[in-house]
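Colleague: Any chance you could fold what I've pasted below:
(chains A, B, C and D)
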2 protein chains.
Amino acid sequence: MIDPEPAGASEAGGRREEIVEIASRLFAERSYRGVGMRAIASAVGVQPASIYHHFSSKADILDAIIADVTERFIAAHLYLLDPKFVTASSMRQLVTEHVVYFWQHRIAEAVGLRELKELSVARAEHVRRSRRSYQDAWICAIQVGVSGGWLPAQNPRIAALALLSMINGVNAWYREAGPLSIAEVAEMHAEMAVTGVLGGCPEAPP
Amino acid sequence: MIDPEPAGASEAGGRREEIVEIASRLFAERSYRGVGMRAIASAVGVQPASIYHHFSSKADILDAIIADVTERFIAAHLYLLDPKFVTASSMRQLVTEHVVYFWQHRIAEAVGLRELKELSVARAEHVRRSRRSYQDAWICAIQVGVSGGWLPAQNPRIAALALLSMINGVNAWYREAGPLSIAEVAEMHAEMAVTGVLGGCPEAPP
DNA sequence: GTCTATAGAACGATAGAC
DNA sequence: GTCTATCGTTCTATAGAC
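Modeller: Reported below is the predicted structural model:
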């Protein structure tokens, strides 16, 4: 049993984590600029000045929210697009895990997507580079499939961007109250993405 | 030659139109709450108080920006999804026109998507209803295709939402500096959407 | 139709006691 | 670690002259 938190993070249940969690919900609902320190403090149940014992500024809270949610997923899953081993099956697996992970982290992901410009330039650039590497890995993997004859996609770059738009869009409309679980929706998207957008037949090699 | 502006709009080049155009660009770049009346006035070249001669409030400017950009497209194109006449070909045409129109109106569309919650409740609800009718028309049309045997989509609702996410995502990554025109990207999306996501073969009837 | 001037509220952040 | 109190800024919006 390994501590799932990276080194440097405080134990769960600390004030700092509580502030991050509450602020992320508020930012997702009313936007970063639409939520003041007074509103955050009030939701936490403390006075505004107390927040500054845990964070040096409001932007520092935003940094902690966005931090590396997306990067962590990308770093852990890029191997599925490795040109030497990528298959239609590994692509389906990646789409499925992508949809599920992004839904599970939907609040931080929504804030990270919407408030990217509010981040410090250095951190925003870090996030953009990470996303770019994921996108490029998809393009490269699709090109491998086209060269190998098992993916008939016309334009790998456009296909990759269309595929990512499709699966990133799930959070905008999916609701847990509906008849389908997020895992079912994820599987359907894997099918629509790889068999549909990329044109890879389910029974085709590899 | 008919006046393209709906009745009630002032002639082009008026201060009101100038303010709407400048404010929409600023809102798209720095968000509604991130842009003050001073910034808008400064960009227009007047004093802040002068804006209030043309608009009763900042929210009134946002209303004028969003107004009915999306509704106008939907109202003019719903006929292409009419259950009695819809075909794979009319779906492809709609996707193409959708992508091109949304790109041409990308500034207002971006503001309308991002700042929907800043709108007055009544106007926000009007926009949501309009989008919902478009979505429902897509679902219904796909169901017709499934019933008719010319679309193998598994789940019409999920397929419609995936398709719309895909084509609405174009504005997030397309840049005119690239090698493809928006019309070319739109055509490729029509192919990926109808042949790919919905599974309709190009040569299949109708 | 645009100006100067400013009201009144909310903002991010700090000082210093406990 | 949280409090009270508040500083200085910025915000939307208005009053009234020209």
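Colleague: contacts, neighbours, all on C-alpha from now
Modeller: Noted.
Colleague: following the strand or helix carrying A:Arg92, which helix or strand comes up?
Modeller: A:Arg92 is part of helix A:88-104, with elements assigned from DSSP states H and E. Scanning forward in sequence from helix A:88-104 by DSSP H and E, the next helix or strand is helix A:106-114.
Colleague: Dump that following helix to CSV, restricted to CA.
Modeller: C-alpha atoms of helix A:106-114 as CSV (Å, rounded to 0.1, in the frame of the first residue of the first chain):
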residue,chain,number,x,y,z
ARG,A,106,-14.3,16.7,-14.1
ILE,A,107,-14.2,19.6,-11.7
ALA,A,108,-10.5,20.2,-11.9
GLU,A,109,-10.6,19.5,-15.6
ALA,A,110,-13.3,22.0,-16.2
VAL,A,111,-11.4,24.7,-14.2
GLY,A,112,-8.2,23.8,-16.0
LEU,A,113,-9.8,24.1,-19.4
ARG,A,114,-11.7,27.3,-18.7
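Colleague: Could you list the buried residues of it?
Modeller: Under the neighbour-count criterion of 16 or more other CA atoms under 10 Å in any protein chain shown, helix A:106-114 has A:Arg106, A:Ile107, A:Ala108, A:Glu109, A:Ala110, A:Val111, A:Gly112, A:Arg114 buried.
Colleague: Skipping adjacent residues, who's closest to whatever residue of chain A ends up closest to chain B in space?
Modeller: Distance from chain B to each residue of chain A (CA to the nearest CA) is smallest for A:Gly196, at 3.8 Å. Ranked by CA to CA, 6 or more residues apart in numbering or on different chains and with sequence neighbours excluded, the top spatial neighbour of A:Gly196 is B:Gly196, at 3.8 Å.
Colleague: same thing with A:Pro83?
Modeller: The shortest distance from A:Pro83 to any non-neighbouring residue, by CA to CA, 6+ apart, is to A:Ala141 (5.5 Å).
Colleague: What's the local residue count around the one you found?
Modeller: As a burial measure, A:Ala141 scores 24 neighbours (other CA atoms under 10 Å in any protein chain shown).
Colleague: which element follows the helix or strand harbouring it toward the C-terminus?
Modeller: For A:Ala141, the element it lies in under DSSP H and E is helix A:121-147. Going down the chain from helix A:121-147, the next helix or strand is helix A:156-168, by DSSP H and E.
Colleague: With only the CA atoms kept, save that following helix in PDB.
Modeller: Only the C-alpha atoms of helix A:156-168 are listed here, as PDB (Å, rounded to 0.1, in the frame of the first residue of the first chain):
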ATOM      1  CA  PRO A 156      -4.200  11.700 -39.200                       C
ATOM      2  CA  ARG A 157      -4.000  15.200 -37.700                       C
ATOM      3  CA  ILE A 158      -7.500  16.200 -38.400                       C
ATOM      4  CA  ALA A 159      -8.700  12.800 -37.300                       C
ATOM      5  CA  ALA A 160      -6.800  13.000 -34.000                       C
ATOM      6  CA  LEU A 161      -8.200  16.500 -33.300                       C
ATOM      7  CA  ALA A 162     -11.800  15.400 -34.100                       C
ATOM      8  CA  LEU A 163     -11.400  12.300 -31.900                       C
ATOM      9  CA  LEU A 164     -10.100  14.300 -29.000                       C
ATOM     10  CA  SER A 165     -12.800  16.900 -29.400                       C
ATOM     11  CA  MET A 166     -15.400  14.100 -29.300                       C
ATOM     12  CA  ILE A 167     -14.100  12.400 -26.200                       C
ATOM     13  CA  ASN A 168     -13.300  15.700 -24.300                       C
END
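Colleague: Now do it: everything it contacts.
Modeller: The contact list for helix A:156-168, computed with CA atoms under 8 Å, 6 or more residues apart in numbering or on different chains, reads A:95, A:98-99, A:102, A:135, A:138-140, A:142-143, A:153, A:189, A:193, A:197-198, B:162-170, B:173, B:185, B:189, B:192.
Colleague: Around DNA strand C, which positions in chain A sit nearby?
Modeller: Residues of chain A lying near DNA strand C by CA under 7 Å from any atom of the strand: A:33-39, A:48-49, A:52, A:56-59.
Colleague: does the residue nearest to A:Gly196 sit in a helix, a strand or a coil?
Modeller: Of the three states, B:Gly196 takes helix under DSSP: H, G, I helix; E, B strand; the rest coil.
Colleague: Looks like it contacts A:Met192 (just checking).
Modeller: Yes - counting by CA atoms under 8 Å, B:Gly196 touches A:Met192, with 7.3 Å between them.
Colleague: quick one, which of the two is more surrounded?
Modeller: Each of B:Gly196 and A:Met192 has its neighbours counted (other CA under 10 Å); A:Met192 has more, 30 against 25.
Colleague: which residues touch whichever helix or strand A:Ala190 is part of?
Modeller: In the assignment (DSSP H and E), A:Ala190 maps to helix A:182-190. For helix A:182-190, contacts defined as CA under 8 Å, 6+ apart pick out A:91-93, A:95-97, A:99-100, A:103, A:167, A:174, A:176, B:158, B:162.
Colleague: ditto for stretch A:29-39
Modeller: Residues outside stretch A:29-39 that contact it (CA under 8 Å, 6+ apart): A:Leu26, A:Phe27, A:Gln47, A:Pro48, A:Ile51, A:Lys58, A:Leu62, A:Val111, A:Glu115, B:Arg33, B:Gly34, B:Lys117.
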